[in-house]
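Student: Pasting a predicted model and its sequence here:
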Amino acid sequence: MIRLANVKDKDQVIRLLEESRIEAGFHTDAQFSFPFVREYAERLFVHHLYHGLALVAEIEDAGVQGVLLAICHDHPFGPVRMARETLWFINAQHRGGSTARRMLKYYEQWAKSQGCEFIGMAGMGSEPAVGSMYERADFKVAETFYIKNLQ
């Protein structure tokens, strides 16, 4: 079931935020490693719960196994509203089927209800299947994002 998160989902969502960080390599990558801080993850979740979108995929007999966090903002280059994904993660054991597509559709509907004309999703270059899924859902590549470690 895809549904809006609630305060009771906090611990399960925080677990997914930590899993997401590990899967992305942010715990071991020498260039982009940073610590997981539970209090920070909790603030992120609560912020999206009350000021954005906090969406979960609840799997029967397995609990919350997916999370999508997003916010709306004014586009920096023109007078339009845009929704931007902060984080999207589904536990690897529960990927496949229609969970991802249903979460994406919910996000689109939410963004429309917020008056957004565009929605954005991040794609990990190391995972081309994600980009293919976005393209099947009519997303277009708009920018490529680069990060540099300043430490």
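Tutor: Looks like it arrived, so ask away.
Student: Give me the neighbour count for residue 89.
Tutor: 21 (other C-beta atoms under 10 Å). (Each C-beta comes from the backbone N, C-alpha and C, glycine too.)
Student: close enough to count as contact, it and residue 65?
Tutor: No. Counting by C-beta atoms under 8 Å, residue 89 sits too far from residue 65 to count as a contact (9.4 Å).
Student: so what's in contact with these two at the same time?
Tutor: Residues touching both residue 89 and residue 65 (C-beta atoms under 8 Å, 6 or more residues apart in numbering): residue 16.
Student: heading toward the C-terminus, what's the first helix or strand past the strand with the most length in the chain?
Tutor: The longest strand of the chain (DSSP state E) is strand 63-74. Downstream of strand 63-74, the next assigned helix or strand under DSSP states H and E is strand 81-90.
Student: elements contacting that next one?
Tutor: Contacts defined by 3 or more C-beta pairs under 8 Å, 6 or more residues apart in numbering; DSSP states H and E place strand 81-90 against helix 10-24, helix 38-51, strand 63-74, helix 99-113, strand 118-120.
Student: if you set the cut-off to 10 Å instead, what comes out?
Tutor: Counting by 3 or more C-beta pairs under 10 Å, 6 or more residues apart in numbering; DSSP states H and E, the packing neighbours recorded for strand 81-90 are helix 10-24, helix 38-51, strand 53-59, strand 63-74, helix 99-113, strand 118-120.
Student: Give the buried residues for the fifth one.
Tutor: Across helix 99-113, burial judged by 16 or more other C-beta atoms under 10 Å covers 99, 100, 103, 104, 106, 107, 108, 110, 111.
Student: okay but residue 42 is in contact with residue 17, surely?
Tutor: Yes. With contact defined as C-beta atoms under 10 Å, residue 42 counts as touching residue 17 (9.0 Å).
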